[in-house]
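Participant: Sequence first, predicted model second:
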Amino acid sequence: DALDGDDALDLDRRRAVRDRAREAATKTAIHGAAFDGDARARATTTTRRDDDDDARGTADGDGDDDATEARAAFELPDADAGVDFSMKMWTKEGERVSRSRKARVQYDPETGPRIRHRSDAAKGDFNVWWGKHATSSGTTARDFNSAVKAVTRCAPILDAGVTKGDGAGTTAVCYHFARGCCTSGEACEYLHRLPTAFDDAKNHMMFDIFGRPKHHTERDDNGGTGSYMRVGRTLYMFFGGAVDPKWGAKKVYDEVMAQFSEFGPIEDVTVKFERRFAFVRYKFRASAEFAKEAMAGQTLWTSDDAEPLNVRWANDDPNPIAIVRVANENDEKVRDMFLRSEKAQALMREAKRELGIDDDDGDAAAKKAKVSEISFDPADYDDDEDDGEEPKPHET
């Protein structure tokens, strides 16, 4: 049967999410053999090829046998395994699915690609305060719009699951899980799931969702954890060569919306196509913090020639409408804080009554009377109290 426009578009989106998840789960093993010539694709556990076939597989890195072995090694579900690729893992339903299974190992350092960092090419002592090496010449426009291409990607629909951190009561999400390269799986001491609205509500302003401390001011390049002086929910993204040259503004908008919405609810996406950058505003701060790390160095189209995305914190919008919106949001947060405080106090009083503990508020009059007994008026005190004391001579 033919599908109408909306159903066909929804089906295409589901297939796109499925393909990205499969690519994220397989490229570490497949491309790892291509990165390291000496590495063997040890994903297979059932068969062994001879040296010629093995060398040919590591040189190509894209054969059908390699893909099959990688999928088997990473326990990648096939098309009819019952995985709902349309599910949003940042919803309550997605959280329920995450808590119903064990977290998957995302990355094998022995067979996967070498994860490269910008600091690999730098020399000299690293200054932790300025975030650069001693030999760095400073932040330039070229450095601002450059990024290291990621070789792994987080696929929440497959990777999210229960870890040791859930049993220990940890509230911090695993940074390597967001980058798609956690080697611990269910043994990880941090959470392997997307932050929800509840996580955002209880997240401390001084720390990000990964437990890293924020700073008073932003970094010069708008990277890092950001500032605790403002609620950062908007990401700046320079896509440059990370998109197909044949794409138009509408296609870029659709891809940005589709890929970034995997990590949290989005309020607005603005694409400046001619200037090759975009802004993504999330509903929750925790979602923006997770997406910033998850999409850093990724690409919007599957091509070896694609350049990596550069994702950073956006500056405050100077638009008067945006300024009013931010002010209203801050006022709403203050009101919400007071409402939650009053609700917590009411629950505490109710719990005390059930346990038979005297309510502190009920003794307010007694406390006030007790305080009133302390007088600072000398006339209220008896002079006979000091009769037994010898007067002290004055020093001359």
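Facilitator: That came through fine.

Participant: Secondary structure element holding Gly312?
Facilitator: Wrong residue type there; residue 312 is Arg, not Gly. According to DSSP states H and E, Arg312 maps onto strand 310-313.

Participant: Restricting to C-alpha, output that strand in CSV.
Facilitator: What follows is strand 310-313, C-alpha atoms only, in CSV (Å, rounded to 0.1, in the frame of the first residue of the first chain):
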residue,chain,number,x,y,z
ASN,A,310,32.4,22.3,15.5
VAL,A,311,29.9,22.6,18.4
ARG,A,312,30.3,25.3,21.1
TRP,A,313,28.2,27.4,23.4
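
Participant: pLDDT of the following helix or strand past that strand, averaged?
Facilitator: Per DSSP H and E, the first helix or strand lying C-terminal to strand 310-313 is helix 320-355. Here helix 320-355 scores 80 as its mean pLDDT.

Participant: Test my guess that Tyr282 contacts Gly264.
Facilitator: Yes: contact status for Tyr282 versus Gly264: in contact at 5.1 Å, counting by CB atoms under 8 Å. For every residue, glycine as well, the C-beta is placed using N, CA and C.

Participant: Give the residues shared as contacts by those two.
Facilitator: With contacts defined as CB atoms under 8 Å, 6 or more residues apart in numbering, the residues shared by Tyr282 and Gly264 are 288, 291.

Participant: and Phe290, what does it touch?
Facilitator: Going by CB under 8 Å, 6+ apart, Phe290 touches 173, 178, 194-195, 209, 263-264.

Participant: mind showing which ranges of the stretch 201-350 of the chain have poor pLDDT?
Facilitator: Where the stretch 201-350 of the chain drops to pLDDT under 70, the residues are 318.

Participant: rerun at 80
Facilitator: Along the stretch 201-350 of the chain, the model assigns pLDDT under 80 to residues 241-242, 302-305, 316-323, 325-334, 336-338, 340.

Participant: Spell out the residue ranges of the helices in it.
Facilitator: 249-260, 285-295, 320-355 (DSSP state H, counting those that start in this stretch).

Participant: just the strands in the stretch 51-200 of the chain please.
Facilitator: Counting by DSSP state E, counting those that start in this stretch, the stretch 51-200 of the chain has these strands, from start to end: 126-127, 132-133.

Participant: Now tell me which of the ones you listed the model trusts least on average.
Facilitator: Across the strands of the stretch 51-200 of the chain, strand 132-133 has the smallest mean pLDDT, namely a mean of 56.

Participant: Kindly state the domain boundaries assigned to the chain.
Facilitator: As assigned by automatic domain parsing, the chain contains the domains 218-316, 322-375.
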